[in-house]
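**Q** what shape does this take:
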Amino acid sequence: MAVTDTDALGSGRVLSLDTLVRLSRTARAPDAPRRLTVPEGMTTPLGCDAVAVPAHLGPRLLPRLPRVGCVYADPTYWWWIVPADSDYALCWPLPAHYSTGAVLPAAPSPALTLVHRPQGTIPYTPPIPLYLALCRVMGATPTWSRPFPA
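**A** Below is the predicted model:
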């Protein structure tokens with residue numbers, strides 16, 4: 001099967017079905033997601049996710065944590081590197097955002113700055129202390145402390 005494509009000058013080009021399918025897939029192919037990367041020399045043996053918190057909360061969280069891993073910042077968010085699956089059984093309080101695979105939003109954003117780099121080769125902030133500190137700063141109740149309806 002072939003389709004004739006007529007351009008603005010009226011000349012016809014014949015496009016095969018294979019060409020049309022290829023063009024269709026190319027038009028729909030999403031851009032590769034942007035991900036946070038860890039600094040050179042660091043490893044992620046437990047996988048890599050991220051928690052984004054509003055930028056104004058970042059400086060308030062740092063002193064509340066016993067260990068801080070890699071933290072990146074832009075004018076809107078601070079991004080904390082955590083081990084993969086750190087959202088298991090946790091409901092991160094809004095407006096925090098949990099990002100599986102440390103994928104950044106699709107919207108264009110300013111360049112990220114590395115705010116904190118831990119010593120050693122492990123980039124993680126422990127997720128439970130981060131979660132508790134975030135709940136405290138935001139005045140939220142941790143999910144396991146909430147009463148269950150009868």
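
**Q** looking at this, Val51 is in a strand?
**A** Yes: assessed by DSSP: H, G, I helix; E, B strand; the rest coil, Val51 belongs to a strand.

**Q** all strands of this structure, in order?
**A** Along the chain, the stretches classed as strands by DSSP state E are 2-6, 12-16, 49-54, 71-73, 77-82, 97-99, 113-116.

**Q** residues in contact with the third one?
**A** Contacts of strand 49-54 from elsewhere in the structure, counted by Cβ atoms under 8 Å, 6 or more residues apart in numbering, are 36, 61, 76-87, 92, 95-103, 127, 130, 134. Backbone N, C-alpha and C define where each C-beta goes, glycine included.

**Q** any of those residues buried? List them.
**A** Burial by neighbour count, judged by 16 or more other Cβ atoms under 10 Å, picks out 36, 61, 77-83, 86-87, 92, 96, 99, 102, 127, 130, 134 from the contacts of strand 49-54.

**Q** now, of the strands of the chain, which is deepest in the fold?
**A** strand 77-82 (a mean of 25; mean count of other Cβ atoms under 10 Å).

**Q** and that one, what does it pack against?
**A** strand 49-54, strand 71-73, helix 127-138 (3 or more Cβ pairs under 8 Å, 6 or more residues apart in numbering; DSSP states H and E).

**Q** and of the ones you listed, who's closest to Leu112?
**A** Nearest to Leu112, of all the helices and strands packed on strand 77-82, is strand 71-73, at 4.3 Å by Cβ to Cβ.
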